[in-house]
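Undergrad: All I have is the shape, not the residue letters:
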């Protein structure tokens, strides 16, 4: 046995080791930087790695630890941050050419909180351009590969964060979830992903895709780690007007309670419309549904009561989402115009081009196809004559979906479904079929429309392809503690069944072909 | 739902300030129609009695006090600018009017 | 240049409908949606932050005082205050607008359905109240400022510029846009009503202390909408929107110009193009700007980064209690205090000098003296200089000082005007100008006596007439003495001395 491999440990373990003086943050951080150096050529989870910055922050963390004044439970535990969050002094591209080379002069609140809590930032993770996509193939800087099978997608848009955590390049990562971009990558990479209640984590500095849907959250390998990270980044922020001004419920406490594996007194609602009534429309992969059923049975065995709930308007969620998101995105992305920052492209063959012409040329050259598609769609949905039929109607459907949730939560404490309808598909498989790509978010979107919190917990490997599947647990708004309690219980029940965490079964990457 | 024509896509691209090529226009119009067809059901779902939801978590009256807080220096503000001059953002000549 | 119809002919054939959109820049310490300073004239791009620069990820938070100012303006305009309203994004691309959308309000303004009673003259020259209906007052943010540069080194106009330089200090400063309903039935008084409305709205804004209210610095900006319809026809014609109308005089002139221009086009069988036009203060004409077409589609939608504003009725009443005296009430009170006739008061209001007179009286002058200076000599100077009387550069305190010198016999009116020359030339306070220019009236009887003796000696015929009792002839001698004294004598005292010596 050589020295302990710190990269295989959970964040909670690492924090314990730091507190006990068994390791320094510099050592931990270096171990993860080494791991990134070894495997990221194959995985491509990172767009930018910051060894100097991370080690300097690690050094600071060690000082605080030595002085006996750690700044948080996770002081010194390194983290990766999705490239959609502004990081002062560190490039932030959102996976887009249009922001190539942009170095923000300010920190997102989430990033500022990570720094204040002492988590060294290893680097920025890959993503679909401006978080538009479910596979990370829409990154302008090349796709991320799923550590379970490098020929497959890691989910999206936050495939980089999920892959970094799954490949042991980082114990923790920050993702953002607009329609499933934290939870779906977690499901297909065998990791944990949490979308907090809308307003529970500040959006200040999160480059907006759809402002009314976006939410940053933790990406980790255990439910407890997610809770610990959520407690660092969550809570009211006066810089975000939509931030909820209430203290967070005890999340780590809920995770620890759940880890006992006891679910007596908890009612679990299986949503008919989210795979609850079997593979009716053919969109649900049998192996995914089988693992989901198994998880439900385990929870029942652990004392939970199961009820079937119907949320009839969920079938319209995808349509509402694909109107609201492009509409808001078309406006949010207008600021990328070559005037103040980022790319400036001069139209070829035009002498002394006007600002207008430069804007057009830059936006054509700087945005990828999916981004342009959604901007045009959103421009259409907001244009006069169509607003009521599209955006206005989608907002009404949002009301109906929220009511469905409210009704369901009178019958159940949490709702459960498979997180994604399929396991990870092959890179390139759905790239030219936007609709097929959009269907990946079928089960995750309703939570964004209603603002409720959700977690994806690994539920095993699908028999057909041996790839990870996930279970999604949803709770009422502001009851984020419930997703941690039930998520941790399911995690414990499954670990007990498997004899360890699912992620331990991931194939060894060292020496894997790039 | 009406079909969205190639000309309409060109008009939308104009509104969105994207210089789409002919090939992109050819490609995009049918794609948008497929997407619009798939979301068409939305118009029949909710009646007039259903209020729209613009925010998932309803909050009102979130204000800040009228207090000056330090912002960026001019140097920071201009740090990402493609071009600057006289402590201002240098932009190509502006054609149209202000609104 | 466009051929214009005379105003008389225009009115014979057409009825004007006016609409005024006034933007008031609030004087809050910080911007509408961020904590940046709002000082006028700061070094470029030194009052900016991620939010007002539109940096990716930054978010807005509403300034409470800006909302209160909007509500106070609304209440002072007799508006209803919305129980619930939202901000909306107005989407259009322009380099001086950092996000390429303006955070504004669309179909849910904070204040709506009000009126402002303005004082104007009726057909017989009598003062009369004209009610201007207010459609809405809403909150929004200002844009940055562009400097248009030619490679040759000249800067100024947008046309022919090679590139532009943008300063975002102004971006995000709170604006309240106040929109009238179409003002109809004004007929020949349309230009006067437009001016009176803006003037009295400005007066109200000053009283509310919510803005610097400096038209010359752009803290109040007026857009003038005008359309004509055939006389007696009820329908509204096609309108033009004239921008950059940044003085009270220009409001009046721009209305006249557009009425004459529209009339000429319509009379010639043409039709009006719905467009934005620019007012040129120097040449007194408007020129075509941007065509308002269907292509202009702002794609408004509720701003998802902000939450609704829902003022409680208690809050509204609290603000109502802070309102200053309404301008009409204030005008009646001041008129009574000052003992002005209706005509005098109307002229004072018309000159935009109510506040100036009030301050001058507060500084010690009589109301009549204050009115006399502001409405005659000083008004003429402002007119000649093409500036608002408030921007002339003479303060009410200085006017009161000058009047004090007149009252104590140190100055006469002619000398007082020379003192104002000096004040305006930057020579200092009235006392300093008097000293530097040696303008005080000579009350030394020795010097005066000598001048009188000289005058008598030089005009023996006149002196004889006076000795014969023809006292009216004294005027000629007084003139001669005043000439010798270069005006620095009290004419009454000169007369006394002449009569003494020849009596």
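TA: Happy to help now that I have it. Keep in mind the model is a prediction, meaning the values are calculated, not measured.

Undergrad: these two touch, right, residue A:202 and residue A:110?
TA: Yes: counting by Cβ atoms under 8 Å, residue A:110 is a contact partner of residue A:202 at 6.2 Å. For the C-beta atoms, the positions are set from N, CA and C on the backbone; glycine is no exception.

Undergrad: Find residues that contact each of the two.
TA: Residues touching both residue A:202 and residue A:110 by Cβ atoms under 8 Å, 6 or more residues apart in numbering or on different chains: A:216, A:233.

Undergrad: Show me what whichever strand in chain B runs longest is in contact with.
TA: Taking DSSP state E as the criterion, chain B has its longest strand at strand B:88-92. Outside of strand B:88-92, the residues that reach it under the criterion Cβ under 8 Å, 6+ apart are A:339-340, A:352-355, A:357-358, B:78, B:81-84, C:44-45, C:95, C:146-147, C:163-168.

Undergrad: go with 7 Å
TA: Contacts with strand B:88-92, where a contact means Cβ atoms under 7 Å, 6 or more residues apart in numbering or on different chains, come from A:339-340, A:353-355, A:358, B:78, B:81, B:83-84, C:44-45, C:95, C:147, C:163-167.

Undergrad: and what of stretch A:357-375?
TA: Residues lying outside stretch A:357-375 but in contact with it, judged by Cβ under 7 Å, 6+ apart, are A:96-98, A:129-130, A:132-133, A:138, A:140, A:326, A:329-330, A:333, A:336-338, A:343-347, A:350, A:434, B:16-20, B:28, B:31, B:92, C:93.

Undergrad: cool, and stretch C:37-49?
TA: Defining contact as Cβ under 7 Å, 6+ apart, one finds that stretch C:37-49 is touched by B:68, B:71-72, B:74, B:77-78, B:87-88, C:28-31, C:34-36, C:167-169, C:173, C:217.

Undergrad: what's the neighbour count on residue A:151?
TA: 11 (other Cβ atoms under 10 Å in any protein chain shown).

Undergrad: these two touch, right, it and residue A:426?
TA: Yes: between residue A:151 and residue A:426 there is a contact at 6.0 Å, judged by Cβ atoms under 7 Å.

Undergrad: Quickly list what's touching both of the two.
TA: Shared between the contact lists of residue A:151 and residue A:426 (criterion: Cβ under 7 Å, 6+ apart) there are no residues.

Undergrad: Which strand residues bridge residue C:115?
TA: Partner residues in beta bridges with residue C:115, using DSSP bridges, are residue C:133.

Undergrad: and it, what is it in contact with?
TA: Listed by Cβ under 7 Å, 6+ apart, the contact partners of residue C:115 are C:77-78, C:131-134.

Undergrad: Show me where chain C dips below the pLDDT cut-off.
TA: Counting by pLDDT under 70, chain C contains low-confidence ranges at C:1-2, C:153-157, C:290-295, C:443-444.

Undergrad: Point to the residue nearest the middle of it.
TA: A centroid search over chain C (Cα atoms, centre = their mean) returns residue C:248, at 4.6 Å, as the residue closest to the centre.

Undergrad: And for residue A:273, nearest residue in space, chain neighbours not counted?
TA: Distances taken as Cβ to Cβ, 6 or more residues apart in numbering or on different chains place residue A:314 nearest to residue A:273, at 4.3 Å, with adjacent residues excluded.

Undergrad: what about the one you found, neighbour count?
TA: For residue A:314, the tally of surrounding residues (other Cβ under 10 Å) stands at 24.

Undergrad: three-state assignment of it?
TA: Classification of residue A:314 using DSSP: H, G, I helix; E, B strand; the rest coil returns helix.

Undergrad: List phi and psi for residue C:280.
TA: For residue C:280, the backbone dihedrals are phi -110, psi 110 (criterion: degrees, to the nearest 10).

Undergrad: And the one 5 residues further on, by the same measure?
TA: The phi/psi pair for residue C:285 (degrees, to the nearest 10) reads phi -130, psi 170.

Undergrad: Contact partners for the nearest residue to it once chain neighbours are set aside?
TA: What sits nearest to residue C:285 in space, not counting adjacent residues and going by Cβ to Cβ, 6+ apart, is residue C:257, at 6.2 Å. Residues counted as contacts of residue C:257 (Cβ under 7 Å, 6+ apart) are C:284-286.
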